[in-house]
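Chemist: next come a sequence and a model predicted from it.
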Amino acid sequence: MIQIPQTMPAVAYLKSLPVDDAESLVDTTLPVPQPGPRDLLVRVEAVAVNPVDYKVRQNNDPGGEPKVLGWDAAGTVVAVGEEVTSFRVGDEVFYAGAIDRPGANSRFHAVDERLVGHKPASLSFAEAAALPLTSLTAWEGLFEHLGLHTDALKQSGTLLVTAAAGGVGAMVSQLARALTSLTVIGTASRPETAEFARRMGAAHLVDHREPLAPQVREVAPEGVDLVFGTTGTDRNLAAYADIVKPFGRIVAIDDFGPVEIGLLKSKSISFHWEFMFTRSLHQTADLAEQGRILDQVSRLVDAGILTTTATTDLGKINAEHLREAHRVLESGKAIGKITMTGF
C-alpha cells in the first residue's frame, strides 16, 4: 500500500515576473490533489520544461494564488479514480496533461487517464519525461495535419523542419526518419545545434539566420512538399510560398500575429495549426487518442527506433532549477529537452 500524504512540495508562481526575479517561481507546499473519476494520481519522479511553461508564466497572472506549471512528466501511479480502466496502482507512466489543469511541477499530480501513456521500460524517468509534449505535437502535426501515414514507408518527398534541434523539431525529424521515407531538411544556426539535428534525423541543414529560400533551393531545387514550422512562421511565410510545391502543406505550432496567408493561394498550399492541448482543452470525442499515441511512442522507443531528446538534467525539481530552465528556453538557445528529477 502506497502512503499518500495530505500535502506535497511543489513549485509555483504567484504573479507574472521576469525570470531573473527570485519570486518568478517559488518553492511551496500544496494539498495533494484528489483524483476525479477518470484520473490517475501520479507520484511525479521527473519533469521536463517546454516553451509553454514560460509563456504561461509571462502572460497569465494568477493574482497571488499559487499556479503550478509543467506539462511533461513521468512517474508512478499511486491511486486511480473509480472509472479508470487502463491503469492500476504501480504502473509507470508518462504524459503531458492538460493546460487548463494544474501542471506537474509537484510531488503528486492528477491527470486524466486518457492523456497518459505507459512509460518506455528502457528509459529512466527523466529520459521519458522529455518526450510526451513534443512527441504528441510532432505526431499530430505529421500524421493528422500533414496527412502522412505511419504504416507507409514508401511515402517520399521532402520535409522542411524549422529549429530542428529543438524539442519538437527533434521529434519531428525522428518520426519522419523512422516511419516515412521523407528527406528531412532542418534549420539550425550553430555547429552544436546542427550536430544534434543531424543525429535526430535531419539529412540536410540550412541556417535560419540567413535567407531561407535560396538555401533550401540548393538542397531541393524543385522545392519541398511539406513544412513543419516550429518557429518563425510569420517571417518565413513568403519563403514558404516560394519553396513549397503546388498542393503542399504547412503545419505551424508557434505564436504570431496577422500574416499574408493569401501568398499561399496560387499554389493551393494548405495551412494547418497544431496545438497539442486542443483535445484536452475542448474534451473532444477522441481524447484517448493522445494516450494511444504515447503508447505507440513508448513501443518505438523500446524497440530502439526512437530515442529520448533529453540533453540536460538540472537535478532536483525546485524553483531555482526551474528558473534556470525557463531562462535557457527564453534565450532561444536550448538543444533538446531540459529535465529535472525528484524532490
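Modeler: Here it is on my side, so go on.
Chemist: what about Pro51, distance to Ile253?
Modeler: 10 Å (Cβ to Cβ, to the nearest Å). C-beta here means a position set from N, CA and C on the backbone, and glycine is covered the same way.
Chemist: more neighbours: which of the two?
Modeler: Ile253 (24 against 21; other Cβ atoms under 10 Å).
Chemist: counting neighbours, what do you get for the residue nearest to the more buried one when sequence neighbours are not counted?
Modeler: Leaving aside its sequence neighbours, Ile253 sits nearest to Glu274 (Cβ to Cβ, 6 or more residues apart in numbering; 5.0 Å). Here the count is done by other Cβ under 10 Å, and Glu274 has 22 residues near it.
Chemist: how near is Glu274 to Ser135?
Modeler: From Glu274 to Ser135 the distance is 12 Å (Cβ to Cβ).
Chemist: same deal with Ala74?
Modeler: 12 Å.
Chemist: packing partners for the strand or helix carrying Leu175?
Modeler: In the assignment (DSSP states H and E), Leu175 maps to helix 167-179. With contacts taken as 3 or more Cβ pairs under 8 Å, 6 or more residues apart in numbering; DSSP states H and E, helix 167-179 sits against helix 132-140, strand 158-161, strand 183-187, helix 191-200.
Chemist: surely Arg209 and Ser189 touch.
Modeler: Yes - using Cβ atoms under 8 Å, Arg209 makes contact with Ser189 at a distance of 4.9 Å.
Chemist: starting at the chain centroid, how far to stretch 326-337?
Modeler: How far stretch 326-337 lies from its chain's middle: 13 Å, per Cα atoms, centre = their mean, to the nearest Å.
Chemist: that stretch: end-to-end distance?
Modeler: 12 Å (Cα to Cα, to the nearest Å).
Chemist: could you list the low-pLDDT ranges of the stretch 1-150 of the chain?
Modeler: Applying pLDDT under 70 to the stretch 1-150 of the chain flags the ranges 1.
Chemist: which residue ranges of it form strands?
Modeler: Ranges of strands within the stretch 1-150 of the chain are 7-13, 26-31, 39-49, 67-68, 73-80, 92-95, 108-112, 116-118, based on DSSP state E, counting those that start in this stretch.
Chemist: got a list of contacts for the first one?
Modeler: Where contact means Cβ atoms under 8 Å, 6 or more residues apart in numbering, the residues beyond strand 7-13 that reach it are 23-32, 57, 62, 66-70, 105-108, 317-319, 322, 343.
Chemist: give me the distance from it to the chain's centre.
Modeler: 23 Å.
Chemist: which residues are in contact with Phe196?
Modeler: Per Cβ under 8 Å, 6+ apart, neighbours of Phe196: 165, 170, 188, 311, 335-336.
Chemist: next one: Asp112
Modeler: Contacts of Asp112 (Cβ under 8 Å, 6+ apart): 36, 38-40, 97-98, 280, 287.
Chemist: for Ser189, give me phi and psi.
Modeler: phi -130, psi 0 (degrees, to the nearest 10).
Chemist: and the gap between it and Gly167?
Modeler: 16 Å.
Chemist: more neighbours: those two, which one.
Modeler: Between Ser189 and Gly167, counted using other Cβ under 10 Å, the more crowded position is Gly167 (30 against 16).
Chemist: ok, that one touching Ala310?
Modeler: No - counting by Cβ under 8 Å, Gly167 does not reach Ala310; the two are 9.6 Å apart.
Chemist: skipping its backbone neighbours, what lies nearest Val89 in space?
Modeler: Nearest non-adjacent residue to Val89 (Cβ to Cβ, 6+ apart): Val77, at 5.5 Å.
Chemist: quick one: contacts for the residue nearest to the spatial centre of the chain?
Modeler: Geometric centre of the chain, nearest residue: Thr134, 2.4 Å, by Cα atoms, centre = their mean. Neighbouring residues of Thr134 by Cβ under 8 Å, 6+ apart: 50, 167-168, 170-171, 309, 337.
Chemist: kindly recompute the last result at 6 Å.
Modeler: Taking Cβ atoms under 6 Å, 6 or more residues apart in numbering as the criterion, Thr134 is in contact with 167-168, 171.
Chemist: equivalent analysis for Ala79, please.
Modeler: The contact partners of Ala79, by Cβ under 6 Å, 6+ apart, come to 35, 41.
Chemist: give me the beta-bridge partners of it?
Modeler: Beta-bridge pairing for Ala79 (DSSP bridges): Leu41.
Chemist: for Val328, see how far away it is.
Modeler: 34 Å.
Chemist: hang on, the earlier thing: among the contacts of Phe196, which two are most distant?
Modeler: Ala188 and Thr311 (14.3 Å; Cβ to Cβ).
Chemist: of those two, who's got more company?
Modeler: Per other Cβ under 10 Å, whichever of Ala188 and Thr311 has more neighbours is Ala188, with 26 against 16.
Chemist: please report the distance of the more buried one from Leu160.
Modeler: When Ala188 is compared with Leu160 (using Cβ to Cβ), they lie 12 Å apart.
Chemist: and if you look at Thr284?
Modeler: 29 Å.
Chemist: who has more neighbours, these two?
Modeler: The residue with more neighbours, out of Thr284 and Leu160, is Leu160; 31 against 12, by other Cβ under 10 Å.
Chemist: which residue sits closest to Phe143, ignoring its sequence neighbours?
Modeler: Computed as Cβ to Cβ, 6+ apart, the closest residue to Phe143 that is not its neighbour in sequence is Thr150, at 5.8 Å.
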